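Participant: Any chance you can model this:
(2 chains)
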There are 2 protein chains.
Amino acid sequence: MSNSNTLYITNSLTKTKELFTPITPGYVGLYVCGPTVSGESHLGHARPYITYDVVNRYLQHLGYKVRYVRNITDAGHFEEEGREAEDKMAKKSALEKLEPMELATKYSRRFHWGMKLFNCLEPTIEPTATGHIVEQIEMIKDIMAKGFAYEKNGSVYFNVKKYAENYAYGELSGRGLDNLLENTRNLDGQSEKEDAVDFALWKAAPPEHIQRWASPWGEGFPGWHIECSAMACKYLGAEFDIHAGGMDLLFPHHESEIAQSTVVNGKAPVRYWMHNNMITIDGKKMGKSYNNVITLTDLFAGTHPILQQAYHPMVVRFYILQTHYRSTLDFGNEALQASEKGLRKLIGANELLKKLTFTENISTKNAELDAKVQKLVSEFAEFMNDDFSTAKVLANMFELATIINSLKDGIIKADELSSTTFSLLQTQFPIYFENILGLQSMEDNADNSKLDGVLQLLIAIRAEAKIKKDFATSDKVRNELLAVGIQLKDEKDGKVSYSFD
Amino acid sequence: MSNSNTLYITNSLTKTKELFTPITPGYVGLYVCGPTVSGESHLGHARPYITYDVVNRYLQHLGYKVRYVRNITDAGHFEEEGREAEDKMAKKSALEKLEPMELATKYSRRFHWGMKLFNCLEPTIEPTATGHIVEQIEMIKDIMAKGFAYEKNGSVYFNVKKYAENYAYGELSGRGLDNLLENTRNLDGQSEKEDAVDFALWKAAPPEHIQRWASPWGEGFPGWHIECSAMACKYLGAEFDIHAGGMDLLFPHHESEIAQSTVVNGKAPVRYWMHNNMITIDGKKMGKSYNNVITLTDLFAGTHPILQQAYHPMVVRFYILQTHYRSTLDFGNEALQASEKGLRKLIGANELLKKLTFTENISTKNAELDAKVQKLVSEFAEFMNDDFSTAKVLANMFELATIINSLKDGIIKADELSSTTFSLLQTQFPIYFENILGLQSMEDNADNSKLDGVLQLLIAIRAEAKIKKDFATSDKVRNELLAVGIQLKDEKDGKVSYSFD
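Facilitator: Numbers count the residues shown, from 1 in each chain, chains lettered A, B, ... in the order given. Predicted coordinates for the structure are as follows:
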């Protein structure tokens, strides 16, 4: 279906793998639903942002100029804080009152900290819901002017039935109006909505609600769905290329986004909808009732009861990319520990590969091996073009790692490959491993060059001591290094490598 | 004037040093005018943010809960981008158009990068101008309703004359209305303002202006002064404790803030106004015409023609704190190089002090030295309470560093001090040096513990080699370490220390 020059994406809207064609040649508009920053980021945030980071990286690799917009939800979802703060409203001083923006700032920073550890590239624009109240109000006014929303007691609701009469409703989620009506009961007098299937565009703020803005309908705050419609439209235009998010957002969030934007702009907002599947934990859905919501802090420190150990952010990233983003992914200690091993193998192969040099030696060419390496490397692009099949790329990398390690061990000479194949391998492996999959060493590189220099000196001193049969010194070097968490390993070729605990 | 229990601040409003009394006991509201993120941060940004970082740190040290608000100006000042982008307006696709928010995002991140290197604590809330358009519009409506502003062709102006008739105008800057009128000419027909002294609250957006929001007066964007009034009031209340910024902002920015907020809230917004003086470069004002605007990137990399070398962010921080914030500060290579030396001395003393231990030895007490150390340490608080006199604190630290180094060199024994004095020194020096002045080591600490472990091993091996008269090995250690930028130094007490290039 795919070939090395064309990218295919599974479009959730059509449920088929489609050839990707951008609206404006050379440019891609990418919108990803960002986190709600009323609490700490957790494992559930890891999958979409790592997945779409790879999408962003690969699009850039293909030469596109990507405008990557990922929002921060710092309004609307904050009602809980409002409630929690109720008793604080009696306080006289502004400084004593809970300020939701203080929480939003704190948790936005924690989120960015996590994203940085995951080696996710920063989005081009990271708009906040509170930063786009005017745009949301204007959009709501427009929807009302076109007759698809109504005001009730200072709140504004989207008229889903009327929308369904005029446009195709439910295309993305497969939940048409009939389905909705069947599954939603209208309880007389229990709601100010005209119909239970309607959703809020603007909510009147009760007195205890702190986050509130002036609007044509009185003081209130925006509904959740309208923020993404307003921000995506502002920064990417009325129609843009890719909108991505977790499958849990497909309905009602994304379905509602389509309805809102379609009314305002007269056309569907998004060409390609991408949805990643969910993470389960030991087979269970993540949720407060299971006590299995693992924050990123817990994950990296190993401090949640479910965790047997701390997991390095790179291990989590690697683990996530080992499964196709549209498949479910079960999180468990064993799987993570296996990932750690696997990642170390690939990191080692990638580093080793960079140090290998090619010497022309026509007589010993190994045609079979050459062809195999050629194929494994050229499939990187093929797999990525096939709906970002990172798992398949990693599988090929494992095969290549074995070959690279054998080159190192002297079983196969580097020059058994043709210079073209060797150079292809040496350039493409790191490009896909580091730049596209975004994987990197698990050591802190800060002072690695100094540390490496000092260690090489110690390794040389130890080698000399061995030659002089001064085993006291050579043992001392090995043991004292162990004490600071550095392990020396004598390799087959007589060289000595080191690794950290 | 000050004593060790009370903080005095030079209030620009009264031009006197006043005892600081917070509005709400135990809480401080601190507002600092933040950067305009239409370009890269430069040396001029370093002084206010480092100065008020120390203010924030010291207030917290005194036990206050500080809500520190520092805004990001990402609107209003962006007209230039609007102009630059004029020719891009013809492009059809949203993605091809310049998006000011893309620039704002990029330069906000660069700014944060610089602040982090300067070891400035993050503000509690960092609101953006674009994120508070509704609040600004509401404030402007209020000012108009009270009769202190008028609309003309979609723009809204503040009526300064009318304000001066009703309130004391010019108290902060000393520029009263008479002074203003003398220095401002009304040119008939050249302005839509009723009077040249008026200032804009809202500006109608010309067609080529990209940043624009719906308002009761048509599409436009806020004036510069209104953003700080709106955000300070939202997060700190109608009246708050401290508003700080550079002296260049005193007029018209801060004077206008006072006028706006006073009309809306019926009282002056700020109790204590703090203003830091400017940085000159080799005696000249910083400015494009002198080609002496040094960006933080240039500063840290040494890449501006004025710079003889790269300067570590800690050196710049130290240099700034060596002068009182209300004095002018001239930036030059010699001064910076001297600061680097001085900082290294204090870092060394601080580290050494932590390692010293106290042994009781009553017979050798040195009463004079004991009293001197007592005095030097207790003055830390006295000086900080005297309008944040960081320069004086550092001067005392230099005296103490000499004493600490002499303790180390064995000239004076640690136990010549009383245990109380020694413990006072050992606890207070690091608290003021690290926590309050925010100074820290210039090395990257990332893998320092491993590196230190390995280096101690090498130092031991070298010592053994010397004992065995194996000078080949001992020289090898020294020389190979030099090659990776690590210098060994034989200390008087027989110990070996190391330092990095």
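
Participant: residue boundaries of the helices in the stretch 401-501 of chain A?
Facilitator: Counting by DSSP state H, counting those that start in this stretch, the stretch 401-501 of chain A has helices at residues A:419-430, A:448-467, A:471-483.

Participant: out of those, which comes closest to chain B?
Facilitator: Chain B lies closest to helix A:448-467 among the helices of the stretch 401-501 of chain A, at 3.1 Å (C-beta to the nearest C-beta). Every C-beta, even on glycine, is put in place using the N, C-alpha and C of the backbone.

Participant: Quick one: mean pLDDT for that closest one?
Facilitator: The average pLDDT within helix A:448-467 is 80.

Participant: Can you check what angle separates it from helix B:471-483?
Facilitator: Interaxial angle, helix A:448-467 versus helix B:471-483 (axes from the mean of the first three to the mean of the last three C-alpha atoms, to 10 degrees): 170 degrees.

Participant: what does helix A:448-467 rub up against?
Facilitator: Residues from elsewhere that reach helix A:448-467 (C-beta atoms under 8 Å, 6 or more residues apart in numbering or on different chains): A:471-474, A:477-478, A:481, A:486, A:488, A:496, A:498, B:447, B:450-451, B:454-455, B:457-458, B:461, B:473, B:476-477, B:480-481, B:483-486, B:500.

Participant: May I see the helices of the stretch 401-501 of chain A arranged in a markdown table, with mean neighbour count as well?
Facilitator: Compiled in a markdown table, these are given as follows (neighbours: other C-beta atoms under 10 Å in any protein chain shown):
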| stretch | mean neighbour count |
| --- | --- |
| helix A:419-430 | 17 |
| helix A:448-467 | 18 |
| helix A:471-483 | 15 |
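
Participant: closest one to B:T128 among the ones you listed?
Facilitator: Closest approach to B:T128 among the helices of the stretch 401-501 of chain A is made by helix A:448-467 (37.3 Å; C-beta to C-beta).

Participant: all helices for the stretch 51-200 of chain A, in order.
Facilitator: Ranges of helices in the stretch 51-200 of chain A, per DSSP H, counting those that start in this stretch, are A:79-84, A:100-117, A:133-145, A:160-166, A:177-183.

Participant: from these, which stretch is densest packed?
Facilitator: helix A:133-145 (a mean of 21; mean count of other C-beta atoms under 10 Å in any protein chain shown).

Participant: hmm, that one in reach of chain B?
Facilitator: Yes. With C-beta under 8 Å from any C-beta of the partner chain as the measure, helix A:133-145 is seen reaching chain B through A:I133, A:V134, A:E135, A:I137, A:E138.

Participant: which parts of the stretch 201-350 of chain A sit against chain B?
Facilitator: Within the stretch 201-350 of chain A, the positions near chain B by C-beta under 8 Å from any C-beta are A:W213, A:A214, A:Y235, A:L236, A:G237, A:A238, A:F240.

Participant: Look up how far A:I140 lies from the third one.
Facilitator: Yep, that's A:Y235 we're talking about. According to C-beta to C-beta, to the nearest Å, A:Y235 stands 19 Å off from A:I140.

Participant: Now for the residues of helix A:133-145 next to chain B: which two are most distant?
Facilitator: Distances among the residues of helix A:133-145 next to chain B were taken as C-beta to C-beta; the most separated pair is A:I133 and A:E138, at 9.7 Å.
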